[in-house]
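Asker: Sequence below, structure please.
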Amino acid sequence: MATKYGKWIAGGLGWAFLGPIGGIIGFALGSIIDSSQMSITTGQTGRNSFMVSLLVLFAEVMKADGKVLKAELDYVKAFLIKSFGQEAATEALVLLRDILKQNVPLRDVCNQIRDNMDYPSRLQVLHFLFGIANADGEISKSEVDVITRIAEYLGISTKDFDSVRSMFIDSTEAYYKVLEIEPSATNDEIKKAYRSMALKHHPDKVGHLGDDIRTAAEEKFKKVNQAYEKIKKERGFV
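Answerer: Predicted coordinates for the structure are as follows:
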C-alpha cells in the first residue's frame with residue numbers, strides 16, 4: 001500500500017513533513033509510513049515539499065464555495081499529469097481527496113510555507129490557486145476571499161496579488177495591473193515595468209523546483225508578455 005504514495009515520499013518531503021502540513025499529510029497517509037522512512041531536509045524548497053504544500057492550499061480554494069466541482073478536480077488532474085506524469089498525478093489525487101476531508105489551520109499552514117519557501121515560489125503558488133478558482137470559467141467571491149487570506153498570510157504584496165489576479169481577466173485595465181502600472185503611465189514607464197515584471201515572473205525563478213514546475217510557470221510568464229503586447233498594440237508603440 002505504501003507504494004501508492006511512492007512519488008511523494010521518495011527522496012523525502014523535506015520541511016513539508018514537519019509542522020502543521022506534516023500533521024495534515026500524516027493524517028492522510030495514516031500508518032503506511034513512519035518518520036524513519038522520511039529524509040527530512042532543510043533549506044531550498046524541493047519539488048515534493050512544494051507540491052504537497054500546493055495540494056493543501058488547493059483543497060482550501062476548492063472548498064471555498066461550499067462544494068468541490070468536477071471542473072476543479074479535472075483542472076488539478078490535468079495540471080498534475082502535465083507536470084508529473086500519470087502515475088504521480090494519480091497518487092496526488094488520492095492524497096488530495098484525503099486532505100479535502102480535513103479542517104486545515106490555514107494561517108499556520110501559510111506561515112510554514114512562508115518561512116520555508118522563497119518569494120518567487122510563493123508567487124507561483126498564487127498563480128496556481130487562481131487557476132484552480134478559474135477552472136469553471138468564473139472566480140467566485142468566496143474563492144477570492146480565501147485566496148486573499150492565503151496571499152496575506154504568505155506575505156505577498158498587494159501589487160503582486162492584483163497582478164497575478166489580473167492575469168485571469170481579459171480587459172485593458174487588467175493588462176495594466178498585470179504590469180503593476182497605472183493607465184496614465186508613459187510608454188517608457190510601460191517598457192520599464194514590462195522588463196521588471198518579466199524578470200520577476202521568469203520561469204527560471206522556480207527552476208530549482210524542477211523542470212516540470214518551471215514549464216508550468218511559463219504560463220504566468222506568457223501572461224506578462226500578452227499584457228505588454230496588448231498595451232503596445234492599443235497605444236501603437238514598439
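Asker: burial count for L123?
Answerer: L123 sits with 24 neighbouring residues when counted by other Cβ atoms under 10 Å. Heads up, the C-betas are built off the backbone N, CA and C, glycines and all.
Asker: Quick one: residues contacting the spatially closest residue to it that is not a sequence neighbour.
Answerer: Closest residue in space to L123, ignoring its immediate chain neighbours: D160 at 6.2 Å, by Cβ to Cβ, 6 or more residues apart in numbering. Neighbouring residues of D160 by Cβ atoms under 8 Å, 6 or more residues apart in numbering: 123, 126, 180, 200.
Asker: what do you get for R149?
Answerer: Counting by Cβ under 8 Å, 6+ apart, the residues that R149 touches are L106.
Asker: Nearest residue to the middle of the protein?
Answerer: Nearest residue to the geometric centre of the chain (Cα atoms, centre = their mean): V125, 2.0 Å.
Asker: That residue and Y228: what is the separation?
Answerer: 24 Å (Cβ to Cβ, to the nearest Å).
Asker: same question, M197
Answerer: With Cβ to Cβ as the criterion, M197 and Y228 are 8 Å apart.
Asker: what does the helix ranked longest in the chain contact?
Answerer: Longest helix of the chain, by residue count under DSSP state H: helix 211-235. Helix 211-235 is contacted from outside by 47, 50, 79, 82-84, 123-124, 127-128, 131, 164, 166-167, 172, 174-176, 178-179, 187, 190, 194, 197-198, 201-207, 238, using Cβ under 8 Å, 6+ apart.
Asker: Quick one, which of those residues are buried?
Answerer: Burial by neighbour count, 16 or more other Cβ atoms under 10 Å: within these this picks out 47, 50, 79, 83-84, 123-124, 127-128, 131, 164, 166-167, 174-176, 178-179, 190, 194, 197, 201-203, 205-206.
Asker: if we can go back for a sec, wait, the residue nearest to the centre of the chain sits on L57?
Answerer: Yes: at 6.5 Å, V125 counts as touching L57 under the criterion of Cβ atoms under 8 Å.
Asker: just to revisit the earlier point, which of the contacts of helix 211-235 fall within helices?
Answerer: Using DSSP H, the contacts of helix 211-235 in helices are 47, 50, 79, 82-84, 123-124, 127-128, 131, 164, 166, 172, 174-176, 178, 187, 190, 194, 197-198.
Asker: ok, F130 - contacts?
Answerer: By Cβ under 8 Å, 6+ apart, the neighbours of F130 are 139, 147, 164-165, 167-168.
Asker: Spatially, which two of these are the most separated?
Answerer: Spanning the widest gap among the contacts of F130 are I147 and M167, at 12.8 Å by Cβ to Cβ.
Asker: which ones are touching F58?
Answerer: 76, 96, 128-129, 132.
Asker: Dump those residues to a markdown table, plus distance to Q102 and pLDDT.
Answerer: Below are the contacts of F58 laid out as a markdown table (distance: Cβ to Cβ, whole Å; pLDDT from 0 to 100):
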| residue | distance to Q102 | pLDDT |
| --- | --- | --- |
| V76 | 17 | 84 |
| L96 | 11 | 88 |
| F128 | 20 | 93 |
| L129 | 18 | 94 |
| I132 | 17 | 88 |
